[in-house]
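Colleague: When you get a sec, could you give me coordinates for this:
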Amino acid sequence: MSREHKYRTWDEDNKEWCTDFCIELSTGNLLCDHGFTLYCQKIILEQWTGLLDKEGVEIYEGDIVRLCYGIPPTFDTLIIEYAADEVVADISVSGWWMRNIRPNGVSGSLCKTYENDLEVIGNIHQHPQLLE
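Modeller: Model prediction:
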């Protein structure tokens, strides 16, 4: 079973998305193209989760999403992350994770079941105010 791998890169130095990039295999460096090729010191590589939100927008790690659930509707704001060995009920879980920005809010594993209940509202780089 194969799956599509997509990435996006955030150029922390220039505060913008780097839409054309490559990885230099000999060094592991990320090279960005901002009209010319350069090596950026602070590039953040983020992977696509393989899921879409309710509007058909691709969900990437680092995205901030709004989750609507329950009756009456409850809304939570969560950050999409990859968790290696997240401990849930004494069980170690690895995979895509939705971390609630509220200390006691609902967090959980990101799965296809939530696609119709999630909406991408921003990302941690351009919209940090959504985390307040």
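
Colleague: care to break this structure down by domain?
Modeller: 7-45, 51-131 (automatic domain parsing).

Colleague: between the ones you listed, which gets the lowest average pLDDT?
Modeller: Of all these, mean pLDDT reaches its minimum on domain 7-45 (a mean of 73).

Colleague: Partner strands of the helix or strand hosting Gly50, with direction?
Modeller: Assigned by DSSP states H and E, Gly50 falls within strand 43-52. Using DSSP bridges, the strands paired with strand 43-52 are strand 7-11 (antiparallel), strand 58-60 (antiparallel).

Colleague: Packing partners of the very next helix or strand once past the last one?
Modeller: By that I understand strand 58-60. Using DSSP H and E, the helix or strand that follows strand 58-60 in sequence is strand 63-69. For strand 63-69, the elements it packs on are strand 74-88, strand 118-123, judged by 3 or more Cβ pairs under 8 Å, 6 or more residues apart in numbering; DSSP states H and E. For the C-beta atoms, the positions are set from N, CA and C on the backbone; glycine is no exception.

Colleague: Pick the most buried one from those.
Modeller: Sort the helices and strands packed on strand 63-69 by mean neighbour count, taking mean count of other Cβ atoms under 10 Å, and strand 118-123 sits at the top with a mean of 18.

Colleague: burial of Gln47, as a residue count?
Modeller: For Gln47, the tally of surrounding residues (other Cβ atoms under 10 Å) stands at 15.

Colleague: now the one 5 residues further on
Modeller: Here the count is done by other Cβ under 10 Å, and Leu52 has 16 residues near it.

Colleague: so it touches Val65, yeah?
Modeller: No - counting by Cβ atoms under 8 Å, Leu52 sits too far from Val65 to count as a contact (11.3 Å).

Colleague: What's the separation between the residue nearest the centre of the chain and Gln47?
Modeller: By Cα atoms, centre = their mean, the mean C-alpha position of the chain lies nearest to Glu61, the distance being 1.5 Å. Between Glu61 and Gln47 the computed distance is 6 Å (Cβ to Cβ, to the nearest Å).
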